[in-house]
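Colleague: Fold the stuff below for me.
(chains A and B)
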Amino acid sequence: DAKTTQPPSMDCAEGRAANLPCNHSTISGNEYVYWYRQIHSQGPQYIIHGLKNNETNEMASLIITEDRKSSTLILPHATLRDTAVYYCIVRGLRAGGTSYGKLTFGQGTILTVHP
Amino acid sequence: EPEVTQTPSHQVTQMGQEVILRCVPISNHLYFYWYRQILGQKVEFLVSFYNNEISEKSEIFDDQFSVERPDGSNFTLKIRSTKLEDSAMYFCASRPGSSYNEQFFGPGTRLTVL
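Modeller: Residues are numbered from 1 along each chain as shown, chains lettered A, B, ... in the order given. Modelled structure (predicted):
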């Protein structure tokens, strides 16, 4: 799996957009970028994933650069409840199209949303 | 909304004792996982389980650990003889079985070994 690099911590004001970067310069063609978050020792929570196109869901947007070597998770209007550790994880698919199972978590980015 | 549940939320045990951590995955999911997180450290993969057998395990998952899906709904992690260093949060997760890797995690069991 490709290695990812994230800043250890970031701050964001409540109501503003939080932009969390991730570098994955060794990503290969069949590897997806996943984002999870963990709020204060709760179980990790899936946020979003993408391959090469930008993705948006009800929680966030994912912007992947054209060369796929980096990505940005955007929380458009951060709230205090978004304070968490955010993990960027790169995972591939097996030759038959099924996913490898395990998730390899790094240290992530501690996002603190302040009033 | 369906969710993964885990019991107990907190387990305290003496070193050398056996513990069983229980999980009820989401009902139509096919892949099941255990992870652990030692206080202040990263979430670490332990084992994955599919079609009633282990599909992958980490170096942490040695002979002291075992998993079972005894009745089609529960998924258990057993530690045969606990050590102090087994103290951690243990998270169960499940996945539908699609090619994507959206795993749904439970709230965790905090295991304290004295």
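Colleague: need the contact list for the closest residue to residue B:31 other than its chain neighbours.
Modeller: In space, and not counting its chain neighbours, residue B:31 is closest to residue B:95: 4.2 Å by C-beta to C-beta, 6 or more residues apart in numbering or on different chains. Yep, even glycine has a C-beta here, placed from its N, CA and C like the rest. Going by C-beta atoms under 8 Å, 6 or more residues apart in numbering or on different chains, residue B:95 touches A:99, A:101, B:29, B:30, B:31, B:32, B:33, B:101, B:102, B:103, B:104.
Colleague: Tell me the one of the residues you listed nearest residue A:43?
Modeller: If you rank the contacts of residue B:95 by distance to residue A:43 using C-beta to C-beta, residue B:104 comes first, at 8.4 Å.
Colleague: Run a quick neighbour tally on the closest one.
Modeller: For residue B:104, the neighbour count with other C-beta atoms under 10 Å in any protein chain shown is 21.
Colleague: I'd assumed residue B:94 was in contact with it.
Modeller: Yes: Residue B:104 is within contact range of residue B:94, at 5.6 Å (criterion: C-beta atoms under 8 Å).
Colleague: Name the residues contacting each of those two.
Modeller: Here residue B:104 and residue B:94 have B:4, B:25, B:26, B:29 as joint contacts, going by C-beta under 8 Å, 6+ apart.
Colleague: and the last one, what is it in contact with?
Modeller: It refers to residue B:29. Residue B:29 is in contact with B:94, B:95, B:96, B:97, B:104, counting by C-beta under 8 Å, 6+ apart.
Colleague: would you list those in JSON lines and tack on pLDDT, secondary structure and distance to residue A:24?
Modeller: Listed next are these as JSON lines, based on pLDDT from 0 to 100; DSSP: H, G, I helix; E, B strand; the rest coil; distance: C-beta to C-beta, whole Å:
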{"residue": "B:94", "pLDDT": "94", "secondary structure": "strand", "distance to residue A:24": "26"}
{"residue": "B:95", "pLDDT": "90", "secondary structure": "strand", "distance to residue A:24": "22"}
{"residue": "B:96", "pLDDT": "87", "secondary structure": "coil", "distance to residue A:24": "25"}
{"residue": "B:97", "pLDDT": "76", "secondary structure": "coil", "distance to residue A:24": "26"}
{"residue": "B:104", "pLDDT": "94", "secondary structure": "strand", "distance to residue A:24": "24"}
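Colleague: Dump the contacts of residue B:95 into a markdown table; add secondary structure and distance to residue A:19 as well.
Modeller: Putting the contacts of residue B:95 into a markdown table (DSSP: H, G, I helix; E, B strand; the rest coil; distance: C-beta to C-beta, whole Å) gives the following:
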| residue | secondary structure | distance to residue A:19 |
| --- | --- | --- |
| A:99 | strand | 27 |
| A:101 | coil | 30 |
| B:29 | coil | 33 |
| B:30 | coil | 35 |
| B:31 | strand | 32 |
| B:32 | strand | 34 |
| B:33 | strand | 30 |
| B:101 | coil | 24 |
| B:102 | coil | 23 |
| B:103 | coil | 25 |
| B:104 | strand | 26 |
